[in-house]
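Visitor: Have a look; sequence and predicted model below, questions after that.
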Amino acid sequence: MLTGALLILAPLFFGFALRLENRRAMTVIHYLVEGLVYFILALLGLGLGQMSGLTDQLAGMVVQVSLLVLVLLVVNLAGLWLLHHFQPMVPDASVATVSSGYRRLFLAGLKPVLAVLAGVVAGYSVLPDLPMVEDLATAMLMLLLFLIGLQLRNAGLSLRRLLFNRHGMGIALVLAGSSLIGGLVLAPMLDAGLYQSLALASGFGWYSLSGIVIGDALGPAWGGVAFLNDVIREIIALAIIPLLISQRPAMAIGYGGATAMDFTLPVIRSSGGLGCVPVAIASGFILSFLSPILMAVFLSLAG
């Protein structure tokens, strides 16, 4: 039953087990990961574009994405608010303003959407039916997870420091737990099974992973829903981090999910100060490991 889970997780842990000392190789891996992310998202869009009855399913996808985004927003922020109440972080009073790079980062959050849209247009109106798209996307995902494992292992971060960061671990566990509660609430609303709903709620903002993993297991329509839910989370996080971090750091850091250790980290740093960086990296790191595990296990149980 858990064969699918092991297949997804094996490249990630294999990459994490390897140590590289060559900085040039790590630079190459960085650019490979960036390119693979957009290639995989374009393949996701291609699968959507070639899906039969796409136009008939779009309205349903909009409703499903809206439900996912709204319910997870409420339960995540509620859980993180409670965490702040019982385990408060002290804001960095020395930080005054958000850096000018915030707008650039916010606009960069739209790039994944453009990659998917390009794939949709190509699949719907340009390219012939390509039956190998799903297999190619799965292979590219395996390579991406292997490279991400290498990055996590060779980021110069102490695993002990990350896993035992009190605030970071608390944020990650509350974000994951509240998301699963949201998945339980969403199950009857989404017209999906319980385990499928829990898998959809387990992306934690990692859109390049959730879109392909969910799409591979449940079809391109659900893959599109998972992708849009997580990319919208990232965009909302970029908007609310500067608003919340001075008074509620756990809420600002936590809502970004897995992206707190990479994409939203510059905004967390510029608007929250250096003290927030270890917490953000720790929470994002833990969620980056939990997300593929939870999705793969739930999808295996659903199968």
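Guide: Noted; the coordinates are in hand. Because the structure is predicted, anything quoted here is derived from the model rather than measured. Numbers count the residues shown, from 1 in each chain.

Visitor: which residues does the spatially most central residue of the chain contact?
Guide: By Cα atoms, centre = their mean, the chain has its centre lying nearest to residue 206, at 1.2 Å. Shown in contact with residue 206 (Cβ atoms under 8 Å, 6 or more residues apart in numbering): 230, 257-259, 287-288, 291. Where C-beta positions appear, they are placed from N, C-alpha and C, glycine not excepted.

Visitor: any idea how far residue 191 is from it?
Guide: From residue 206 across to residue 191, the span is 24 Å (Cβ to Cβ, to the nearest Å).

Visitor: swap in residue 277?
Guide: With distances taken as Cβ to Cβ, residue 277 is found 41 Å from residue 191.

Visitor: Which one of the two is surrounded by more residues?
Guide: Higher neighbour count among residue 277 and residue 191: residue 277, with 17 against 11, using other Cβ atoms under 10 Å.

Visitor: Please give the element, helix or strand, for the more buried one.
Guide: Assigning secondary structure by DSSP states H and E places residue 277 in helix 276-302.

Visitor: So which other helices or strands are in contact with that helix?
Guide: Helices and strands touching helix 276-302, by 3 or more Cβ pairs under 8 Å, 6 or more residues apart in numbering; DSSP states H and E, are helix 3-17, helix 133-153, helix 159-163, helix 166-186, helix 194-200, helix 207-218, helix 249-255, helix 265-272.

Visitor: any low-confidence regions in the stretch 201-303 of the chain?
Guide: 303 (pLDDT under 70).

Visitor: List the buried residues in the helix holding residue 277.
Guide: For helix 276-302, burial by neighbour count (16 or more other Cβ atoms under 10 Å) applies to 276-277, 279-292, 294-302.

Visitor: Repeat that for stretch 23-39.
Guide: Within stretch 23-39, the residues that count as buried by 16+ other Cβ under 10 Å are 29, 33, 36-39.

Visitor: Flag every buried residue along the helix or strand where residue 68 lies.
Guide: Assigned by DSSP H and E, residue 68 falls within helix 54-86. Buried residues in helix 54-86, defined by neighbour count with 16+ other Cβ under 10 Å: 54, 57, 61, 64-65, 67-69, 71-73, 75-77, 79-80, 83-84.

Visitor: do stretch 180-190 as well
Guide: 180-183, 185-187, 190.

Visitor: Just the CA atoms of it, as PDB, please.
Guide: Only the C-alpha atoms of stretch 180-190 are listed here, as PDB (Å, rounded to 0.1, in the frame of the first residue of the first chain):
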ATOM      1  CA  LEU A 180      -5.000  18.400   8.500                       C
ATOM      2  CA  ILE A 181      -8.000  19.700  10.500                       C
ATOM      3  CA  GLY A 182      -8.800  21.900   7.500                       C
ATOM      4  CA  GLY A 183      -8.600  18.800   5.300                       C
ATOM      5  CA  LEU A 184     -11.100  17.000   7.500                       C
ATOM      6  CA  VAL A 185     -13.500  19.900   7.300                       C
ATOM      7  CA  LEU A 186     -13.000  20.200   3.500                       C
ATOM      8  CA  ALA A 187     -13.600  16.500   2.700                       C
ATOM      9  CA  PRO A 188     -17.400  16.800   2.300                       C
ATOM     10  CA  MET A 189     -17.100  20.200   0.600                       C
ATOM     11  CA  LEU A 190     -14.700  19.200  -2.100                       C
END
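
Visitor: what does it contact?
Guide: Contacts of stretch 180-190 (Cβ under 8 Å, 6+ apart): 64, 67-68, 71-72, 74-76, 79, 193-194, 196-202, 294.
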